[in-house]
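Engineer: after the sequence you'll find the predicted model.
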Amino acid sequence: MDYKMIENNEIGRTIRRYFIEVEKRYRTIVETPQNIFDFMRLAIDQIEASTKEIQNVKLLSENNLKEIEKIQSQIDVKIKKEYCLASLYKNSIFENTIKDR
């Protein structure tokens, strides 16, 4: 998780925003709780915000996984085409060698 925070992509920015928000909420709780109810309300807010952030990161991860699978599929198709072309080339060389004898 540490390295994800420093990546310059949407997941990294989301994680950094999450921790900035957690720090802000923590400072609010530590510096200004008027009573136990304020403390509990802030804690509940933090849990709700954390849940939303987790859902956002999960959605981003799912989207990234779909992109990775799409790219992997394209690579697989390219590899299969190159393999087929290589096989055809090898077969044609073999056939020409046989014909030459």
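Structural biologist: Received, thanks.

Engineer: pLDDT weak spots in this structure?
Structural biologist: Scanning the chain for pLDDT under 70 picks out the ranges 1-6, 29-30, 33, 91-101.

Engineer: longest helix in it, by number of residues?
Structural biologist: In the chain, taking DSSP state H as the definition, the longest helix is helix 36-100.

Engineer: mind giving me the packing neighbours of that one?
Structural biologist: The criterion is 3 or more CB pairs under 8 Å, 6 or more residues apart in numbering; DSSP states H and E, and the helices and strands that helix 36-100 contacts are helix 10-31. Placement of C-beta: from N, CA and C, glycine included.

Engineer: what distance separates the helix it packs on from the middle of the whole chain?
Structural biologist: From the chain centre to the centre of helix 10-31 is a distance of 20 Å (CA atoms, centre = their mean, to the nearest Å).

Engineer: flag every buried residue along it.
Structural biologist: I11, T14, I15, Y18, R25, I29 (16 or more other CB atoms under 10 Å).

Engineer: returning to that earlier point: quick one, the longest helix of the chain and helix 10-31 angle?
Structural biologist: 170 degrees (axes from the mean of the first three to the mean of the last three CA atoms, to 10 degrees).

Engineer: mind checking how far helix 36-100 is from the chain centre?
Structural biologist: 9 Å.

Engineer: what do you get for stretch 9-22?
Structural biologist: Put simply, stretch 9-22 sits 13 Å off its chain's centre (CA atoms, centre = their mean).

Engineer: what does stretch 7-17 give?
Structural biologist: Taking mean C-alpha positions (CA atoms, centre = their mean), stretch 7-17 and its chain are 10 Å apart.

Engineer: may I have that stretch exported as CSV, CA atoms only?
Structural biologist: Extracted as CSV, the C-alpha positions of stretch 7-17 are listed here (Å, rounded to 0.1, in the frame of the first residue of the first chain):
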residue,chain,number,x,y,z
GLU,A,7,2.2,6.7,-7.9
ASN,A,8,1.1,9.5,-10.2
ASN,A,9,-2.2,8.0,-11.2
GLU,A,10,-5.9,8.1,-10.0
ILE,A,11,-5.4,5.4,-7.4
GLY,A,12,-2.4,7.2,-5.9
ARG,A,13,-4.3,10.5,-5.8
THR,A,14,-7.3,8.8,-4.2
ILE,A,15,-5.2,7.2,-1.5
ARG,A,16,-3.4,10.4,-0.8
ARG,A,17,-6.7,12.3,-0.5
